[in-house]
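Asks: Quick check, what structure comes out for this input:
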Amino acid sequence: MTRGMHAIVISAQGGPEVLEYVERPDPAPGEGEVVIDVAASGVNFIDIYHRSGTYPLDLPLIIGSEGSGTVSAVGPGVRDVAVGDRVAWANVLGSYAEKAVVPADRVVPVPDGVSAEVAAATMLQGMTAHYLTHSTYAVKEGDQVLVHAGAGGMGQLLIQLAKLKGAKVYSTVSTSEKEKLARQAGADEVLGYDDFADALRGKLHVVYDGVGKTTFEGGLEVLRPRGLMALYGAASGPAPLLDPQALQRKGSLFLTRPTLGHYIADREELLQRASDLFGWIAAGQLTINISHRYPLADVRQAHEDLAGRRTTGKLLLIP
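Replies: From the prediction side, this is the model:
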């Protein structure tokens with residue numbers, strides 16, 4: 001009798017109650033796949049969208065999109081990854097589990113100077129912050145940048161990477177406690193959600209918005225002519241519909257709704273972004289703030305805490 005593994009499965013989409021801690025047979029790798037003993041899985045808003053039905057999925061399935069661990073088996077045709085390798089991945093479903101099956105071309109090597117927990121916490125948000133600041137809008141020395149929700153895991157990373165590029169960074173937060181975190185990450189000025197639009201009107205080169213509904217219209221007001229808004233998430237709900245003519249009236253603005261998958265589809269790009277991030281972490285130039293660790297079985301609590309904005313920094317599930 002083969003030993004089973006534990007995983008978080010959803011059979012229907014809905015609230016945290018649909019997250020089930022179940023036993024499953026140990027997985028075997030298929031062609032081009034590896035099996036990884038999971039050390040840590042990241043908890044992200046996209047997991048809530050998958051669970052709730054915002055992003056429809058074929059069910060049942062193991063959810064979770066990011067993690068790290070050690071390769072325990074490799075499938076046919078795998079050449080560049082070996083049993084015993086420390087690896088991490090993002091954008092691959094099935095990560096809330098003791099063992100994950102991941103395509104070999106989607107894993108990245110984790111260097112010795114980076115712990116498994118930090119690697120898991122870096123992948124999805126770190127590579128999102130990387131493509132947003134280096135590709136969607138390549139931040140330059142002296143640019144004026146707004147990062148919404150600067151105390152969250154994503155916000156802290158965006159602030160740090162924009163500062164590494166030499167920008168002046170403004171950030172929004174909801175409490176004085178969160179203001180401290182945004183400032184620790186490097187924000188030059190921290191504002192409330194109610195007054196940021198008036199304070200920054202017409203000043204900024206780029207707005208990074210993962211909040212959506214409640215910040216979207218104000219974000220367009222703070223851009224200078226030909227400025228860009230990167231709307232990368234919707235923590236407060238979907239942004240309102242926009243007449244494209246509004247972009248012309250407000251200064252020939254650019255609006256994009258990017259997603260990580262399109263910025264790491266090429267393996268070389270995936271490896272370059274991960275290598276940059278792990279290099280900055282090892283050199284002490286980038287800090288990953290892990291704020292909460294939960295046993296895998298406590299996944300419902302992790303989702304409630306993230307959705308309820310009760311957390312700052314990164315949440316991890318530890319199998």
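Asks: which SS class is the residue positioned nearest the centre of the chain?
Replies: Using Cα atoms, centre = their mean, the residue of the chain that lies closest to the mean C-alpha position is Q125, 2.6 Å off. Recorded secondary structure, Q125: helix (DSSP: H, G, I helix; E, B strand; the rest coil).
Asks: ok, it to E66 distance?
Replies: Applying Cβ to Cβ, to the nearest Å, the value for Q125 to E66 is 8 Å. In this view, the C-beta of every residue, glycine as well, is placed from N, C-alpha and C.
Asks: Could I get the contacting residues of the residue nearest to the centre of the chain?
Replies: G42, N44, G153, M154, L157, K314 (Cβ atoms under 8 Å, 6 or more residues apart in numbering).
Asks: ok, which stretches of the stretch 1-150 of the chain are strands?
Replies: 4-10, 20-25, 33-43, 61-62, 66-74, 86-90, 99-103, 108-109, 144-147 (DSSP state E, counting those that start in this stretch).
Asks: Which of the contacts of Q125 fall within helices?
Replies: Of the positions in the contacts of Q125, G153, M154, L157 sit in helices, assigned by DSSP state H.
Asks: Tell me the one of those nearest G237?
Replies: Among those, M154 lies closest to G237 (Cβ to Cβ), at 16.8 Å.
Asks: Does that closest one touch G210 like I think?
Replies: Yes. Using Cβ atoms under 8 Å, M154 is in contact with G210, at 5.5 Å.
Asks: shared neighbours, those two?
Replies: With Cβ under 8 Å, 6+ apart as the test, M154 and G210 both reach Y232, G233.
Asks: Identify the contacts common to Q125 and E66.
Replies: G42, N44.
Asks: In space, what's closest to T259 - neighbours in sequence excluded?
Replies: Among residues not flanking T259 along the chain, Y232 sits closest, at 7.5 Å (Cβ to Cβ, 6 or more residues apart in numbering).
Asks: Now do the contacts for the one you found.
Replies: If you count contacts by Cβ under 8 Å, 6+ apart, then Y232 has T128, L132, M154, Y208, D209, G210, R257, P258, T259 around it.
Asks: Drop anything exposed from these.
Replies: Taking 16 or more other Cβ atoms under 10 Å as the criterion, what is buried in these is T128, L132, M154, Y208, D209, G210, P258.
Asks: Show me which of those residues is closest to G14.
Replies: Nearest to G14 among these is G210, at 23.2 Å by Cβ to Cβ.
Asks: how close does that closest one get to G308?
Replies: 16 Å.
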